[in-house]
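> Kindly generate the corresponding structure for this input.
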Amino acid sequence: MPRQTISPIYEDLRRVDANMLRRLVRTGVYEGHTGGLARGKLQVNVVILPRSFASDFHQFCVRNPKPCPLVGLSRAGSPLIPALGDIDIRTDAPQYNIYRFGELTGRKTDIIDLWQDDFAAFAFGSSLTVEAALAEKGVRLRRIGCGKALPKFRTRIETCRAGPFGGEMVVSMRAVRRCDVDRARALTARFPHAHGSPIHVGEPSIIGIYDMMAPDWGDAVDLMDGEVPVFWASSITAQEALSRAELAISITVSPGHMLITDVDARALHG
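Numbers count the residues shown, from 1 in each chain. The predicted structure follows:
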């Protein structure tokens, strides 16, 4: 089916269920960010790489569960992960990043023409999953604007290496009211499959972040009076590990453009 170009209004999509949202993505009607959409459903990042590297990459994920919380694996050559729902990982994320020998060489809204019979896919829970749960408990997350993505930063926190995969952890940052920090910490700890509790709260230089207005990914956020920066592990850590490994080809979901699953996020409470 050819991709369409009509883009529905983001606020209207907040009322759309997961199945309909995936249909809109699959047919090209929506190509934007997924934060705040499909309330109550698990959002996942996806990493796709040749099967010959799958064992080492799986071990990297096992050794680094905070940034790489595995929630699904595909069979080699299959674009399906049945445990996550009626999903085709080649078409059902709004945008994909394509890497060749560690370099980002392009972005696509589907990867049907790139799919290989030896590909293996890994799905990680995304912290975007818990935004609705935080709001329900009164933890206000300030929106940074339609079409913008959470700021994400490289840190000096080293991951545990496995084979060719290693490097520093990447974190996402949310501005949280000081009075909400303890609630945010406690609530997100109940979602280990969506990165769990924060890696760090407060002074960013402690984890190697020196310019909050220059994120490595996403859009900068000004802190308002009474807010503190709260940092969660990000699955972009896996993307960075792939880049360092310099595989001939690897594919990830673009930051902020997660794949929406049929899995109830509450079923994954720790």
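
> Only C-alpha atoms from now on, for both contacts and neighbour counts.
Fine.

> Just the CA trace of stretch 130-145, in PDB.
Coordinates of each C-alpha in stretch 130-145 appear next as PDB, following Å, rounded to 0.1, in the frame of the first residue of the first chain:
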ATOM      1  CA  VAL A 130       5.200   5.700  31.800                       C
ATOM      2  CA  GLU A 131       4.200   9.300  31.100                       C
ATOM      3  CA  ALA A 132       0.500   8.700  31.400                       C
ATOM      4  CA  ALA A 133       1.000   6.800  34.700                       C
ATOM      5  CA  LEU A 134       3.000   9.700  36.100                       C
ATOM      6  CA  ALA A 135       0.300  12.200  35.100                       C
ATOM      7  CA  GLU A 136      -2.400  10.000  36.800                       C
ATOM      8  CA  LYS A 137      -0.400  10.300  40.000                       C
ATOM      9  CA  GLY A 138      -0.200  14.100  39.700                       C
ATOM     10  CA  VAL A 139       3.400  14.300  38.400                       C
ATOM     11  CA  ARG A 140       3.300  17.000  35.900                       C
ATOM     12  CA  LEU A 141       5.500  16.600  32.900                       C
ATOM     13  CA  ARG A 142       5.900  19.800  31.000                       C
ATOM     14  CA  ARG A 143       5.400  19.400  27.300                       C
ATOM     15  CA  ILE A 144       8.300  20.700  25.200                       C
ATOM     16  CA  GLY A 145       6.100  21.300  22.200                       C
END
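
> Check the offset of it from the chain's centre.
Distance of stretch 130-145 from its chain centroid, counting by C-alpha atoms, centre = their mean, to the nearest Å, is 17 Å.

> who's in contact with it?
With contact meaning C-alpha atoms under 8 Å, 6 or more residues apart in numbering, stretch 130-145 is reached by 35-36, 39-40, 150, 174-177, 180, 183-184, 187-188, 191, 194, 221, 265.

> in that stretch, what counts as buried?
Buried residues in stretch 130-145, counting neighbours by 16 or more other C-alpha atoms under 10 Å, are found at 130-134, 139-140, 144.

> Go through these and name the one nearest residue 103.
residue 144 (28.3 Å; C-alpha to C-alpha).

> All the helices of the stretch 151-270 of the chain, residue numbers only.
Assigned by DSSP state H, counting those that start in this stretch, the stretch 151-270 of the chain shows helices spanning 181-188, 236-245.

> Distance of residue 153 relative to residue 114?
29 Å (C-alpha to C-alpha, to the nearest Å).

> who's more crowded, the two?
residue 153 (28 against 10; other C-alpha atoms under 10 Å).

> beta partners for that one?
Residue 153 has these beta-bridge partners by DSSP bridges: residue 171.

> State the pLDDT value of residue 193.
Residue 193 carries a pLDDT value of 86.

> you'd agree it is up against residue 128?
No - using C-alpha atoms under 8 Å, residue 193 is not in contact with residue 128; the gap is 11.3 Å.
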